[in-house]
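next come a sequence and a model predicted from it.
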Amino acid sequence: MRATMMYEAGDVRIENIPDANLRDSTDALIRITRACICGSDLWPYRLKQADGRGQNMGHEAIGVVEAVGKDVRTVKVGDVVVMPFAYSDGSCEFCHEGLQTACTHGGFFGNSEVGGAQAEALRIPHADGTLYALPVGEDDALMPSLLTLSDVMGTGHHAAVVARVGRGKKAAVIGDGAVGLCAVIAARRLGAEQIIILGRHPDRIELAKRFGATDVVSERGEEAIARVRELTGGFGVHSVLECVGTDQAMATSMGLARAGGAIGRVGVPHYDAIPQAQPMFYRNVLVGGGPAPVRAYIDELLPDVLEGRIEPGRVFDRTVDLDGVPEGYRAMDARESIKVMVKP
Ligand SMILES: [Zn+2]
């Protein structure tokens, strides 16, 4: 079968690899009908060192179940399913607590052990706990929005939940990539009265406004902090949704949060220590977040997608087939595209 492999920074190839197959009795095999390229895929695209081996890429997809192992109970052949970016057994302590990304038998897609979703097919470990059957056909018009339940919409929602967004609260979103834009949707959905997006790219800002952003701050660093304070009566926001993962983004987040506020971080941190520990302490700012348990959030977000109350699929501005995936990486890296959908 054909799949996306990354060898080193900038070197993404579509290659023939051994077909995905069932391995364990709890596995399912899915034929990928939609996948996409993630902002987090751009980290290895920029930084990966050559080690002689390719990395299987992709962790977001919708597919059709082609086969199931003998112990699979809740999904069946022919089901249209969305896969969260992490697999989970659905039965351990953490899964019961709704933190499937800490599943004791779980792990992440997009590596040589379990394979990647930017491919024709994929083996899904712990299919019952991982996959979520969708009540639509494989070419439903809602596919782009349903696909975001695999990662970016659930991740944006996680930022909002951890940052304690609620009715009447003021929120700021750092990051105008697909996750940041979905975080705007999430903040609005949870009732924030003011949603400030930090960004400067006109297309992205336009989409953020359509999703519910009330203010735009295009300054950076200290100037951005001053501007947000100005927009919020001098105190800053209750909730910062940090969707980037750099130390600069975290330092800015610290400056935006009002005393007693919370920062929800969902950008994979590329720093060792959280900056601004002293102001964080004296101003009682809470910092939380991590890999979103998107499997838990599908129940809550799916009805809003099916009934058209939210349209996170608007973050996709380009569609490619497998051969177009390397160009898709290039376009996202160059910020010519917000998010690229893959139709294998
Ligand atoms: Zn579990």
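Yep, it's here.

from here on, contacts and neighbour counts on C-alpha atoms
OK.

correct me if wrong: residue 163 contacts residue 266.
No - taking contacts as CA atoms under 8 Å, residue 163 lies outside contact range of residue 266: 10.4 Å.

and for the two, which residues touch both?
residue 241 (CA atoms under 8 Å, 6 or more residues apart in numbering).

for residue 2, what are phi and psi?
Phi and psi for residue 2, reported as degrees, to the nearest 10, are phi -100, psi 140.

okay, the closest residue to it other than its chain neighbours and residue 200: tell me how far apart.
Excluding the flanking residues, the one nearest residue 2 by CA to CA, 6 or more residues apart in numbering is residue 16, at 4.6 Å. Residue 16 is 40 Å from residue 200, where distance means CA to CA, to the nearest Å.

these two: which has the busier surroundings?
residue 200 (15 against 12; other CA atoms under 10 Å).

who's in contact with the closest residue to the more buried one other than its chain neighbours?
Once flanking residues are discounted, residue 200 sits nearest to residue 218: 4.8 Å by CA to CA, 6+ apart. Residue 218 sits next to 198-200, 224 when contact means CA under 8 Å, 6+ apart.

10 Å - rerun?
197-201, 205, 224, 227 (CA atoms under 10 Å, 6 or more residues apart in numbering).

go on, residue 109?
So residue 109 contacts 56-60, 83-87, 115-117, 122-125 (CA under 10 Å, 6+ apart).

what's the answer for residue 43, then?
So residue 43 contacts 9, 268, 270, 333 (CA under 10 Å, 6+ apart).

which of those residues fall within helices?
Secondary structure from DSSP state H places residue 333 of those in helices.

most neighbours, which of the contacts of residue 43?
residue 333 (18 neighbours).

tell me the confidence at that one?
Looking at residue 333, its pLDDT stands at 96.

helix, strand or coil for the residue nearest to it when sequence neighbours are not counted?
Leaving aside its chain neighbours, residue 333 sits nearest to residue 42 (6.4 Å; criterion: CA to CA, 6+ apart). Using DSSP: H, G, I helix; E, B strand; the rest coil, the structure places residue 42 in helix.

how many other residues sit next to residue 42?
17.

contacts only, for the most centrally placed residue in the chain.
The structure's the chain has its C-alpha centroid closest to residue 152; by CA atoms, centre = their mean the separation is 2.8 Å. Residue 152 makes contact with 38-39, 60, 85, 158, 177-183, 266, 292, 294, 312-313, 315 under the criterion CA under 10 Å, 6+ apart.

now do the helices in the stretch 101-250 of the chain.
127-130, 143-147, 152-162, 178-189, 202-211, 221-231, 247-256 (DSSP state H, counting those that start in this stretch).

mean pLDDT and distance to the ion for these - can I get that in CSV?
Listed next are the helices of the stretch 101-250 of the chain as CSV, based on pLDDT from 0 to 100; distance: least, CA to the ion, whole Å:
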stretch, mean pLDDT, distance to the ion
helix 127-130, 98, 8
helix 143-147, 98, 23
helix 152-162, 98, 18
helix 178-189, 98, 25
helix 202-211, 96, 33
helix 221-231, 97, 40
helix 247-256, 95, 30
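
next, format the ones you listed as a markdown table and append distance to residue 344.
Listed next are the helices of the stretch 101-250 of the chain as a markdown table, based on distance: least, CA to CA, whole Å:
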| stretch | distance to residue 344 |
| --- | --- |
| helix 127-130 | 21 |
| helix 143-147 | 14 |
| helix 152-162 | 20 |
| helix 178-189 | 21 |
| helix 202-211 | 26 |
| helix 221-231 | 40 |
| helix 247-256 | 35 |
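
contacts only, for residue 161.
155, 183, 186-187, 190, 239, 241, 262-264, 288-289 are the contacts of residue 161 under CA under 10 Å, 6+ apart.

pull out the buried residues from the residues you listed.
Buried subset of the contacts of residue 161 (neighbour count, 16 or more other CA atoms under 10 Å): 155, 183, 186-187, 190, 239, 241, 262-264, 289.

tell me the pLDDT at residue 6?
Residue 6 is given a pLDDT of 97.

count of residues packed around the residue of the stretch 101-250 of the chain found nearest the ion?
Per CA to the ion, the residue of the stretch 101-250 of the chain with the smallest distance to the ion is residue 103, at 3.6 Å. Residue 103: 23 surrounding residues under other CA under 10 Å.

likewise for the one 4 residues further on?
Residues lying near residue 107 (other CA under 10 Å) number 18.
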